[in-house]
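Trainee: Provide a 3D model corresponding to the input given below.
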Amino acid sequence: AADKISLIPQDFFAELCEQIIQHLNHKIPGVNTAELCQRIQTSGIEINVGDLAKIANVVSFLFSTAARNNLSAEELVTTLSNAVSTLPKHAVQVIRHVWNEQGKSISVSEDARSMATVGQFVDIEWKLGVAMSSDTCRSLKYPYVTVTLKVADPSGQITDKTFEMTIPQFKNFFRQFKEMAAVLETV
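Mentor: Residues are numbered from 1 along each chain as shown. All right, here's what the predicted structure looks like:
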C-alpha cells in the first residue's frame, strides 16, 4: 500500500485520513472510497478503487491501533517510520498532522468495538421500471422495483447492493418495513 500512497496527492490523502478519523468517531458511517477515487482520477492520477480501499483499511488500522495504545503524534510517526521505511514524506506529514489535530478524539469503548462487527445502513435509492419486451417475448409489460442499498461495512468501506423485486415481492418487503416501524413505536 505504501507505493500506492505515493500516487495520491497530499490534499486527497489528508481528506482520506480525516474521513477515516470521522468514521472511527462514528460521525460518518464510512469512507466513500468510490467517490474519492473518482475525484482523484478526474485530477489525472491513475488509481483504482480497490487500491484506495486497501490504503483506507491500512490507515484505519493504523489510527485505531494508535488510539488503543494511546500514542502521541510523535510516537505514531516514530513507530510508523520504524515499520514502514518506504512511506512517502508527504503521507507521514499528513498522518502526523491529522493525528495531532483529531487523533485523541477517537473513542475505543467496548460498545464501539462490538458494534463494528456489522455493516451500517447509509442510504437507499429505488426506481420503478417496466420491462416492455425481450428477444423471447414481444409484449412483457412486466413492472419491477430496483432497490440500491448503500452500506458501510465494518471497515468503513461504502458499497452498493442492488436488487430487483417483482411487485408482489416489493409489497411483502414494504409490509415487513411497516411491521418493523410498528414495533419501533412500542419501544
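
Trainee: just the strands in the protein please.
Mentor: Ranges of strands within the chain are 120-131, 142-152, 158-166, based on DSSP state E.

Trainee: for the residue nearest the centre of the chain, give me its contacts.
Mentor: For the chain, the residue nearest the mean C-alpha position is residue 157 (2.5 Å; CA atoms, centre = their mean). Neighbouring residues of residue 157 by CB atoms under 8 Å, 6 or more residues apart in numbering: 30, 31, 33, 53, 56, 57. C-betas here are computed from N, CA, C, even on glycine.

Trainee: ok, and which of the strands of the chain has the densest surroundings?
Mentor: strand 142-152 (a mean of 15; mean count of other CB atoms under 10 Å).

Trainee: which helices and strands does that one pack with?
Mentor: When contacts are defined as 3 or more CB pairs under 8 Å, 6 or more residues apart in numbering; DSSP states H and E, strand 142-152 sits against strand 120-131, strand 158-166, helix 167-186.

Trainee: nearest to residue 7, out of these?
Mentor: Each of the helices and strands packed on strand 142-152 has some distance to residue 7 by CB to CB; the shortest is strand 158-166, at 21.3 Å.

Trainee: can you give the contact residues for the closest one?
Mentor: Residues from elsewhere that reach strand 158-166, judged by CB under 8 Å, 6+ apart: 29-34, 122, 143-153, 173.

Trainee: tell me the strands beside it, with direction?
Mentor: strand 142-152 (antiparallel) (DSSP bridges).

Trainee: hmm, who's touching the partner strand?
Mentor: Everything outside strand 142-152 that qualifies as a contact, by CB under 8 Å, 6+ apart, is 23, 29-31, 119-131, 158-167, 170.
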